[in-house]
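In: only the shape, not the letters, is given here:
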């Protein structure tokens with residue numbers, strides 16, 4: 001079953017996730033390439049991730065009504081010696097946690113998703129970090145188990161923000177005439193995506209049979225689905241049923 005989360009839950013989990021990522025990259029080879037982020041090495045991944053944490057913290061702290069520029073934050077990150085990056089990343093957890101705790105979850109603030117409130121950023125930074133933590137672990141050849149509760153919420157967060165990824169025009173093509181896509185996991189979490197002429201909707205569907213579903217993708221865990229949703233895995237790595245071309249069509253247009 002998929003649990004429901006509060007802003008406080010997301011904040012606490014985001015801080016923990018950042019701290020865990022900092023521990024993962026401590027004493028790592030920062031020149032290691034990151035296979036899931038082509039063209040990046042571990043140093044670039046960590047600088048990017050830590051910069052985003054500080055940018056989100058500032059946005060929340062100031063309740064910014066418009067998107068704040070990240071240039072100065074990224075310049076400060078670029079000036080950090082690589083050896084300081086694990087501690088710098090860890091410090092960002094505290095800054096983000098303090099900002100998210102300072103403000104009420106329903107306070108308005110700029111966000112690129114549909115929920116333009118402080119609570120958007122606690123959830124977004126949890127899952128941004130979870131995915132980039134996985135990137136770092138994969139780059140270093142280390143196992144990483146994303147908590148299933150975190151991953152399941154991350155799958156839903158992906159589906160919530162996907163329609164707002166306006167920098168990727170192909171997202172607008174995610175529509176249809178009632179076709180359905182089921183994402184099912186061996187741990188019990190499942191979702192049903194329905195394509196409509198105006199876009200798509202989704203629902204939790206752990207108990208729903210798959211007989212009337214157009215296409216089904218089976219994953220071992222919600223963590224596998226989260227990494228698939230964010231382009232870290234491919235459809236071909238999973239067992240599929242039904243109209244498999246529909247699953248590939250969805251993946252090609254939804255990878256943001």
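Out: Thanks, I have it. Everything numeric here is computed off the predicted structure, so don't read it as measured data.
In: use CA for all of it now, contacts and neighbours both
Out: Fine.
In: pLDDT below threshold where in the stretch 51-200 of the chain?
Out: In the predicted model, the stretch 51-200 of the chain carries no residue with pLDDT under 70.
In: I figured residue 197 hits residue 172, correct?
Out: No: using C-alpha atoms under 8 Å as the test, residue 197 is too far from residue 172 to be in contact (10.7 Å).
In: between the two, which one's more packed in?
Out: Remark: of residue 197 and residue 172, residue 172 carries more neighbours, 17 against 11, as counted by other C-alpha atoms under 10 Å.
In: now do the contacts for that one.
Out: 163, 199 (C-alpha atoms under 8 Å, 6 or more residues apart in numbering).
In: which SS state does it fall under?
Out: Classification of residue 172 using DSSP: H, G, I helix; E, B strand; the rest coil returns helix.
In: if I look at it, how far off is residue 163?
Out: Note on residue 172: its distance to residue 163, by C-alpha to C-alpha, to the nearest Å, is 7 Å.
In: again, but for residue 100
Out: 25 Å.
In: these two: who's more crowded?
Out: Taking neighbours as other C-alpha under 10 Å, residue 100 and residue 163 compare with residue 100 leading, 26 against 17.
In: residues touching the more buried one, list them.
Out: Going by C-alpha under 8 Å, 6+ apart, residue 100 touches 11, 57, 60, 61, 118, 121, 122.
In: hang on, the last one packs against residue 7?
Out: To tie it back to what came earlier, the one meant is residue 122. Yes: taking C-alpha under 8 Å as the definition, residue 122 is a contact partner of residue 7 at 6.3 Å.
In: now the common contact residues for those two.
Out: Listed as contacting both residue 122 and residue 7 by C-alpha under 8 Å, 6+ apart is no residue at all.
In: out of the two, which sits in the busier spot?
Out: Taking residue 122 and residue 7 together and counting by other C-alpha under 10 Å, residue 122 has the greater number of neighbours (29 against 19).
In: now that one. Its backbone dihedrals?
Out: Geometry field for residue 122 lists phi and psi as phi -70, psi -40, criterion degrees, to the nearest 10.
In: now it: how far from residue 26?
Out: Using C-alpha to C-alpha, residue 122 is found at 24 Å from residue 26.
In: how about the contacts of residue 100 in JSON lines, adding distance to residue 87?
Out: Output for the contacts of residue 100, formatted as JSON lines (distance: C-alpha to C-alpha, whole Å):
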{"residue": "11", "distance to residue 87": "20"}
{"residue": "57", "distance to residue 87": "17"}
{"residue": "60", "distance to residue 87": "22"}
{"residue": "61", "distance to residue 87": "22"}
{"residue": "118", "distance to residue 87": "26"}
{"residue": "121", "distance to residue 87": "22"}
{"residue": "122", "distance to residue 87": "21"}
